[in-house]
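Peer 1: Okay, sequence plus prediction incoming.
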Amino acid sequence: MDTELALAWVREIAAAVERQEAQLTELDSAIGDSDHGSNLRRGFNAVMTALDSPEPTAVGAVLAKTGATLISKVGGASGPLYGSAFRAMGKALPEEKATTAALATALAEGLLAIQQLGGAAPGDKTIVDAWAPALAAFEQAVSQGLSAAAEAAAEAADQGARDTVPLQARKGRASYLGPRSIGHQDPGATSTALIFRALAQSARTA
């Protein structure tokens, strides 16, 4: 991954959030505060502005600036969680160009940051339920190159998001609903799937 691809990834995330804002809000209205889609759209719009002035010249700088902007501009839990993840990934990738293996390490650092901040584990019906299987799939496919690894991660994240439907939420706003959270797909896991799908799309067209 070079700087151009890192920028393309973040731009594709912003575009995906824009397209799926209504769906994310609908999911959040069932078990959250009904603002997940609007918060992420506002956050990634701010990221696009931040990345344009001036445009970063290293992979890590792109991701770190993305994270810092999300932390400062997005309300609710998603801003700090995604912001911490991207900032951690940025710190793990100081080079101007990162190998696929280095990106796998960075994605692992991103997951660690999410878990340290939110305290969630797989099965808690959160972002982690999509990020963890995506990371595992990416790591398994590293030797096949970035495009294949990113595609495997996207498929795993999509499945992880769907797999949150029968779970009872144990963390976050949804956990207040207890058994009533069962039967709904987690909005955070869904937006995580968008992030990994955006990576796959960017890698495919690079």
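Peer 2: Arrived safely, thanks for sending.

Peer 1: From now on I want contacts and neighbour counts done on CA atoms only, so please keep to that.
Peer 2: Noted.

Peer 1: The residue of the chain most remote from its centre - nearest residue in space that isn't next to it in sequence?
Peer 2: The centre of the chain is farthest from one residue, Pro179, which by C-alpha atoms, centre = their mean lies 26.2 Å away. Distance criterion C-alpha to C-alpha, 6 or more residues apart in numbering; nearest residue to Pro179, sequence neighbours excluded, is Gln168 at 5.9 Å.

Peer 1: Tell me the pLDDT of that neighbour.
Peer 2: pLDDT recorded at Gln168 is 95.

Peer 1: Three-state assignment for it, please.
Peer 2: coil (DSSP: H, G, I helix; E, B strand; the rest coil).

Peer 1: Any chance of the backbone angles for it?
Peer 2: phi -100, psi 130 (degrees, to the nearest 10).

Peer 1: Mind giving me the packing neighbours of the single longest helix found in the chain?
Peer 2: In the chain, with assignment by DSSP state H, the single longest helix is helix 3-31. Counting contacts by 3 or more C-alpha pairs under 8 Å, 6 or more residues apart in numbering; DSSP states H and E, helix 3-31 packs against helix 36-51, helix 59-73, helix 187-205.

Peer 1: Can you point out the buried residues in the shortest one?
Peer 2: Across helix 59-73, burial judged by 16 or more other C-alpha atoms under 10 Å covers 59-71, 73.
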